[in-house]
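Undergrad: Here is a sequence together with a model predicted from it:
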Amino acid sequence: MQLETLVSWLLFAALPLISVTQDRPDWGDVFDTFHAKGTIVVVDNRNGDNHVHVYDETRARQRFSPASTFKIPHLLFALDAGVVENEFQAFHWDGEERPFAGHNMDQDLRSAMRNSALWVYQKFARDIGEEEAAKYLKEINYGNTELLTSEGDYWVDGKLAISAYEQVAFLNRLYLNDLPFSVAHQRLVKDLIIVEAQRNWILRAKTGWEGRMGWWVGWIEWPTGPVFFALNIDTPNRTKDLAKREQIARKILMSIDALPAQ
């Protein structure tokens with residue numbers, strides 16, 4: 001591992017211990033505007049700096065179910081285990097009607113990530129197996145690495161949990177191609193999570209929703225460097241609250257010019 005990569009990883013792995021974190025109580029106004037309770041961690045690495053901003057430090061350290069943000073590492077597991085061949089492989093819908101219309105059709109890797117098609121990743125979980133999944137979780141030190149669940153899917157209904165700080169640390173490793181997977185697989189996953197792109201910036205991100213709370217995590221790539229973010233909010237109004245994830249994060253990111261004003 002190159003020294004620069006090692007230093008960067010050690011820095012991000014120790015994010016919860018960083019003493020230079022800037023508290024942003026002013027960002028509470030954005031959460032209040034949307035009547036939402038939550039946290040956001042933003043790490044601005046533009047121009048070689050490492051500015052860490054956080055709203056609600058205590059919650060930023062608290063672990064929650066990763067929900068569909070887990071599709072990012074989960075796909076890396078599936079690719080590495082050989083249970084999926086490439087981005088063009090088709091997954092045929094079983095005909096079962098699910099609540100989200102985008103799930104009720106055949107999928108490939110791109111559409112399954114874009115639509116957050118749970119049933120595709122449930123197939124990956126069955127094909128990978130719990131023993132291998134547990135090894136992968138420990139290899140990448142993902143959250144609490146707990147695979148246990150009494151029912152449902154371990155990344156939604158089980159004990160697996162991750163904090164906003166840890167989400168950013170994981171995303172930084174992916175950005176650097178520094179996870180224990182082939183560079184080709186890491187680059188493919190990064191391509192699949194592109195949400196928006198313009199001439200001089202790219203937004204890569206993934207939503208997640210556990211029912212009671214939701215995530216939006218990712219980063220924006222600029223010529224001067226990346227800006228990582230991880231937001232989670234409570235969703236007491238369930239699906240009515242889901243749009244707030246992006247709305248809050250975008251407003252905050254625009255306030256530091258990490259995203260252009262819309």
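TA: Now that the structure is in, tell me what you want to look at.
Undergrad: G208 and W119: what is the separation?
TA: G208 sits 16 Å away from W119, going by CB to CB, to the nearest Å. C-betas here are computed from N, CA, C, even on glycine.
Undergrad: Of those two, which one has the most company?
TA: G208 (25 against 15; other CB atoms under 10 Å).
Undergrad: Tell me which helix or strand comes right after the lowest-mean-pLDDT helix or strand in the chain.
TA: When each helix and strand of the chain is scored by mean pLDDT, DSSP states H and E, helix 3-13 comes last, with a mean of 42. Next along the chain after helix 3-13, taking DSSP states H and E as the criterion, comes strand 22-23.
Undergrad: Partner strands of that following strand and their direction?
TA: strand 51-55 (parallel) (DSSP bridges).
Undergrad: could you dump the partner strand to CSV, C-alpha only?
TA: Taking Å, rounded to 0.1, in the frame of the first residue of the first chain, the C-alpha atoms of strand 51-55 are listed here in CSV:
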residue,chain,number,x,y,z
HIS,A,51,-12.1,19.5,7.0
VAL,A,52,-14.5,17.5,9.1
HIS,A,53,-17.9,19.0,9.7
VAL,A,54,-20.6,17.4,11.8
TYR,A,55,-24.1,18.3,12.9
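Undergrad: can you list contacts of that strand?
TA: Strand 51-55 is touched from outside by 15, 18, 20-25, 27-28, 31, 39-45, 60, 164, 252, 256, with contacts defined as CB atoms under 8 Å, 6 or more residues apart in numbering.
Undergrad: Filter those residues down to the buried ones.
TA: Using 16 or more other CB atoms under 10 Å as the burial test, the contacts of strand 51-55 include 15, 21, 24, 27, 31, 39-45, 60, 164, 252 as buried.
Undergrad: Got phi/psi on the residue of the chain most remote from its centre?
TA: Relative to the centre of the chain, and counting by CA atoms, centre = their mean, the farthest-placed residue is G95 at 28.7 Å. Torsion angles at G95 (phi, psi; degrees, to the nearest 10) stand at phi 90, psi -10.
Undergrad: measure it to A101 for me?
TA: With distances taken as CB to CB, G95 is found 14 Å from A101.
Undergrad: so where does K71 fall, helix or strand?
TA: With DSSP H and E as criterion, K71 is part of helix 71-81.
Undergrad: Could you pull out the buried residues of the host helix or strand of A230?
TA: A230 belongs to strand 225-234 when assigned by DSSP H and E. Neighbour-count burial for strand 225-234 flags P226, V227, F228, F229, A230, L231, N232, I233 (criterion: 16+ other CB under 10 Å).
Undergrad: What score does the fourth one have for pLDDT?
TA: What the model reports as pLDDT for F229 is 98.
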